[in-house]
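**Student:** 3D model of this:
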Amino acid sequence: MSEAIWLASYPPGVAATIDPDSYPSLHALLLAACQRHHDRPAFDFLGATMTYSEWERASGAFAGFLLETLGRKAGDRVALMLPNALAYPVAFLGTLRAGLTVVSVNPLYTPRELQHQLADCGATTIVIMENFAHTLAAAIEETPIEHAVVARLGDFMPMPKRQTFNFANAYIRRAVRPWRLPRFTMLQDACRRPASAGFADARPASTTPALFQYTGGTTGMPKGAVLSHRNLVANTLQCVAWIGTRLERGSEQVLTPLPLYHVFALTANLLTFAAIGALNLLVPDPRDLKRLIATMRRARVTAMCGVNTLFNALTKRPDFRALDFGALKFTIGGAAAIQQAVATRWLEVTGTPLIEGYGLTEASPVVCINLLEQTKLGSVGLPIPSTEVSIRDDGGRPVAAGEGGEICVRGPQVMQGYWGRPEETRGVLGDDGWLKTGDVGSMDAQGFVTLLDRKKDMIIVSGFKVFPNEVEDAVALHPGVMEAAVVGVPDERTGQAVKLFVVRRDPHLSESDIRIHCRANLTGYKVPRLIEFREDLPKTPVGKVLRKDLR
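**Tutor:** Below is the predicted model of the structure:
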């Protein structure tokens, strides 16, 4: 490793490295957890639970269905278009056990978006929630899909709860519109019989692709990051090494409000917490704050992961503030920058710190996590075990401590490349293993990384660099502001100007109020030239503000 100045800042008990080859495959890691914790509940979905032994049994049956009924071969891709429900972990683990590659698909895709991704990845099988099957029906003729496995919300629930949710699911489906798929099997039927006596779990090489994780598409059409079994095993063990010092194996309960088709939730929640035998509380729709809070009220939540917009919305609700947070050990925020005002308010409400981390799809995704104790506000933390981080200028040269530059990463969690895009892969991934993230940050003398912004989002005002995150963070400190987003717009005089979009918390908030606040908190060239009030801001399904839409 290069000079790892951050190791001196590591908390006691956290090793400098992990062994990414301690498990031969990702499903071997998960099956080991199933065997160690077989009687413990692994997942809770709206009050219905699935134990680790039930997860192992159902996933094995699904693996047998893929191989023995559908005749799928090693290396084939299986698309999962599912929300957070019991069907997701079953289909995910079953696909891996069959030696196939999972392709994560956003259930909210339009037919055009779905067609593009399925054609790009070449998946011949898709597992899809019944509610979204009409989208597939509209696109299937233009895709390589040969067979669909249709799931219902009530799958793997005990009777009569399953009947209740299946009825509600069918009602929703009819309300959307009927769907017709030429070749499909219901997931519950696919898992009804166990695999044959001759079935054996696949034993792929560790470099075999386990997952195609498509980037969020904020820079254009999504492209698939190829994450191997070794990549995901490594990132899981890195996360366990970092947070495991605060957790008790076999007794934790983690809230999972972010969708598992997003790699942050997949690794930080499903994989990491399954590895230590925790119970995952699956939230099907994080926008339904009432139901999310109800889940927290009935469960002893000891950890949760989320994004800034979710934490911001929760802390402003009286029913959330009234909860008992006595069991909560920590909360980790990622996927987008955490605003200091939100982190401060979270600590005031819950009594526990909001711990910011940093990652990206191309790194499986976790790169840095802040200290669980004595969190350094404004920082995304330290590089996790077996991870190198270097801050470099536009010429690729390392910069001095405290200076800004592009964040570059090397470690066993870094992707193999983009599926079918060798030129784009070479543009970000060097032969020496260093990944250019496209993110701008700095590292201090103790090794703490601060995320400044995306290179593409940086605004140049008369030659001065303005990072939207910094302006948004300052604006969010105003008590009359609910949400804020900043973009650069063309300006004849300064090249670019700072434009601010605001969602009011105080209906009487004016442009003048915001300008006065900004002048008191920002250097003159960073103060927004243009201010626009909106009822809401465009976001991805996981809550990241879409600056490209605002531009």
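
**Student:** for I128, phi and psi?
**Tutor:** phi -140, psi 140 (degrees, to the nearest 10).

**Student:** from what I can see L500 touches E532, true?
**Tutor:** Yes. At 7.2 Å, L500 counts as touching E532 under the criterion of CB atoms under 8 Å. In this view, the C-beta of every residue, glycine as well, is placed from N, C-alpha and C.

**Student:** Compare the two (neighbour count), which wins?
**Tutor:** Neighbour count, other CB atoms under 10 Å: between L500 and E532, L500 has more, with 25 against 12.

**Student:** So which residues of the stretch 451-551 of the chain form strands?
**Tutor:** Using DSSP state E, counting those that start in this stretch, the strands of the stretch 451-551 of the chain run over residues 459-461, 464-466, 481-491, 495-504, 530-533.

**Student:** can you tell which of the ones you listed is closest to L136?
**Tutor:** Ranking those by proximity to L136 (CB to CB) places strand 481-491 first, at 32.7 Å.

**Student:** ok and the closest one relative to strand 495-504, angle-wise?
**Tutor:** With axes from the mean of the first three to the mean of the last three CA atoms, to 10 degrees as the basis, strand 481-491 and strand 495-504 are set at 160 degrees to each other.

**Student:** quick one: buried residues of strand 481-491?
**Tutor:** Residues V481, M482, E483, A484, A485, V486, V487, G488, D491 are the ones in strand 481-491 that count as buried (16 or more other CB atoms under 10 Å).

**Student:** Look up the closest residue to the last one, ignoring the ones flanking it.
**Tutor:** Just to be clear, that refers to D491. A497 (3.9 Å; CB to CB, 6 or more residues apart in numbering).

**Student:** how deep is that neighbour tucked in, by neighbour count?
**Tutor:** A497: 20 neighbours (other CB under 10 Å).

**Student:** Dig out what it forms beta bridges with.
**Tutor:** On the basis of DSSP bridges, A497 is bridged to V489.

**Student:** Wait, it touches V527, no?
**Tutor:** No. Using CB under 8 Å, A497 is not in contact with V527, being 10.3 Å away.

**Student:** now the helices for the stretch 1-150 of the chain?
**Tutor:** Per DSSP state H, counting those that start in this stretch, the stretch 1-150 of the chain carries helices over the ranges 26-36, 52-64, 87-97, 111-121, 133-139.

**Student:** For the first one, what is the distance to the chain centroid?
**Tutor:** Spelled out, that is helix 26-36. Chain-centre distance of helix 26-36: 22 Å, with CA atoms, centre = their mean, to the nearest Å.

**Student:** That one - contacts with which helices or strands?
**Tutor:** Applying 3 or more CB pairs under 8 Å, 6 or more residues apart in numbering; DSSP states H and E, we find helix 26-36 packed against helix 52-64, helix 87-97, helix 229-243, helix 272-275.

**Student:** buried stuff in that helix?
**Tutor:** Buried residues in helix 26-36 (16+ other CB under 10 Å): L26, H27, A28, L29, L30, L31, A33, C34.

**Student:** any idea how far G198 is from the third one?
**Tutor:** Shown here: A28 relative to G198, a distance of 20 Å by CB to CB, to the nearest Å.

**Student:** what does R515 give?
**Tutor:** Applying CB to CB to R515 and G198 gives a distance of 72 Å.

**Student:** which residue is nearest the middle of the chain?
**Tutor:** Centroid-nearest residue in the chain: F264, 2.3 Å away (criterion: CA atoms, centre = their mean).

**Student:** for this protein, what are the low-confidence residue spans?
**Tutor:** Applying pLDDT under 70 to the chain picks out residues 1-2, 160-178, 216-221, 455, 463, 465.

**Student:** related to what we said a few turns ago, tell me the most buried of the helices and strands packed on helix 26-36?
**Tutor:** helix 87-97 (a mean of 28; mean count of other CB atoms under 10 Å).

**Student:** and the angle from it to helix 229-243?
**Tutor:** Using the same axes, to 10 degrees, helix 87-97 lies at 130 degrees relative to helix 229-243.

**Student:** Among R515 and G198, which residue is more densely surrounded?
**Tutor:** Ranked by neighbour count (other CB under 10 Å), R515 and G198 place R515 first, with 15 against 8.

**Student:** list the contacts for that one?
**Tutor:** Going by CB atoms under 8 Å, 6 or more residues apart in numbering, R515 touches V527, P528, I531.

**Student:** and if you look at Y418?
**Tutor:** Contacts for Y418 were tallied using CB under 8 Å, 6+ apart; they are K223, G224, A225, V226, E424, T425.

**Student:** again, but for T295
**Tutor:** With CB under 8 Å, 6+ apart, T295 has these contacts: L255, L281, V283.
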